[in-house]
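Asks: Next come a sequence and a model predicted from it.
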Amino acid sequence: MPRIQPINPRYRRIYQALSGPDLAVSESAGMTLEDLGLGSAEASRGDLVFGTYSPQGLERALRAYGLFQRVEERVGPLELRVVSTDPYRPRIILWSRRFYVPVADLDLRRTTGAEVGLGGALAATPLLYVDSLLLQNPGRAFDWNRPPLPGQNHPGLKLAGHILDVLLLMARRIGTEALALTPSTFAAACVYDRRFLFVDGAAQGRFLALRQAGRHLPRWLHAWAVELHCMRDEHGEAVAFKPSPMVSPLSSRLGLHFDANAWDDALQLDARRQLALDEETLQRRFPWERMPPGPPPERVAELLGYDPLAPVVAH
């Protein structure tokens, strides 16, 4: 099985130090948790996110992990908003008080292994599923050191790994055996790759083949080449990235799915495909209108056939 990066050890220690009352109790002005007492301060379990977190408890956890502060260092003051009409399908938002937009926006829900393609005894495995995950810094502009990836309107926060670690610990806290999601783009799959594996071995193999084919490209340009269907197989046919569920297992029994011969055989078959970049198609389809102003780096300009005398595209 391809190696999955372990959860940050410091976060594990913080996770162990956070207790149920820390996460469930609502704040009351002028009173400590000791003053309130667990019996009177604990919210109704039915009103808590996943039966575990009050909004104040979520913020307390984010501050304990240092995530709240890290985001504020990048975008300024924040407000945590929790939309939980259904406590088991919450939306968690970090709202920027400076830019009046979300800088982190997550839709979560509990589900089972059957939804992501796990069969047999694993079909009933409880999972925490990330329906959507937006991380953005509206206070930064794209430049040629950090051009936009497909689907990006603003640069990211450079905190995806930390947030995924915290979500993995949330999954453990609420009694699920994995964190699951479905990347919508190849660029997103590359972000998740360190902590997640595709449930389908063939999908894992296709991803590895696409990643190998663009290993000589800058990461952002590789993402655009895949997005614009500029990768070709040995027959000259375009090879696209197809969204497929990924899982980061927290239990040994779920990890066995990725140790099975059938999963590995499917991976190896597709990973051996020889793909190549179609430079002519990339030049023709490249979205210059999405790029930062000014000339690109020399290497990129040569690859894309950049013409400094061509008419400037309005941004």
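Replies: Thanks, I have the structure now.
Asks: quick check, residue 225 in a strand?
Replies: No. Per DSSP: H, G, I helix; E, B strand; the rest coil, residue 225 lies outside any strand segment and is helix.
Asks: That one contacts residue 214, correct?
Replies: Yes. Counting by C-beta atoms under 8 Å, residue 214 is a contact partner of residue 225 at 5.9 Å. C-beta here means a position set from N, CA and C on the backbone, and glycine is covered the same way.
Asks: shared neighbours of the two, anything?
Replies: 231, 277 (C-beta atoms under 8 Å, 6 or more residues apart in numbering).
Asks: which residues are in contact with stretch 96-107?
Replies: Contacts of stretch 96-107 (C-beta under 8 Å, 6+ apart): 71, 74-79, 89-95, 130-139, 157, 163, 167.
Asks: What segments of the stretch 51-200 of the chain are strands?
Replies: Taking DSSP state E, counting those that start in this stretch to define them, one finds strands in the stretch 51-200 of the chain at 78-83, 91-96, 102-112, 126-135, 178-181, 197-198.
Asks: would you list these in JSON lines and tack on mean pLDDT and mean neighbour count?
Replies: As requested, the strands of the stretch 51-200 of the chain are exported to JSON lines (pLDDT from 0 to 100; neighbours: other C-beta atoms under 10 Å):
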{"stretch": "strand 78-83", "mean pLDDT": "97", "mean neighbour count": "15"}
{"stretch": "strand 91-96", "mean pLDDT": "98", "mean neighbour count": "21"}
{"stretch": "strand 102-112", "mean pLDDT": "98", "mean neighbour count": "19"}
{"stretch": "strand 126-135", "mean pLDDT": "98", "mean neighbour count": "19"}
{"stretch": "strand 178-181", "mean pLDDT": "98", "mean neighbour count": "26"}
{"stretch": "strand 197-198", "mean pLDDT": "98", "mean neighbour count": "26"}
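Asks: so can I have a markdown table of those showing distance to residue 294?
Replies: Shown next, in a markdown table, are the strands of the stretch 51-200 of the chain (distance: least, C-beta to C-beta, whole Å):
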| stretch | distance to residue 294 |
| --- | --- |
| strand 78-83 | 32 |
| strand 91-96 | 28 |
| strand 102-112 | 27 |
| strand 126-135 | 26 |
| strand 178-181 | 35 |
| strand 197-198 | 38 |
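Asks: Show me the one of the ones you listed that comes nearest residue 292.
Replies: strand 126-135 (19.8 Å; C-beta to C-beta).
Asks: low pLDDT regions in this protein?
Replies: 1-3, 27-46, 309-315 (pLDDT under 70).
Asks: Report how many residues lie close to residue 169.
Replies: Close neighbours of residue 169, defined as other C-beta atoms under 10 Å, add up to 22.
Asks: So it is in contact with residue 12, correct?
Replies: Yes. Residue 169 is within contact range of residue 12, at 7.4 Å (criterion: C-beta under 8 Å).
Asks: now the helices for the stretch 51-200 of the chain?
Replies: Secondary structure of the stretch 51-200 of the chain (DSSP state H, counting those that start in this stretch): helices at 55-65, 67-75, 160-173, 186-192.
Asks: Could you export the ones you listed to JSON lines, including columns for distance to residue 210?
Replies: Below are the helices of the stretch 51-200 of the chain laid out as JSON lines (distance: least, C-beta to C-beta, whole Å):
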{"stretch": "helix 55-65", "distance to residue 210": "33"}
{"stretch": "helix 67-75", "distance to residue 210": "30"}
{"stretch": "helix 160-173", "distance to residue 210": "20"}
{"stretch": "helix 186-192", "distance to residue 210": "6"}
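Asks: Of all these, which one is nearest residue 307?
Replies: helix 186-192 (26.4 Å).
Asks: Any figure for the gap between residue 59 and residue 166?
Replies: 12 Å (C-beta to C-beta, to the nearest Å).
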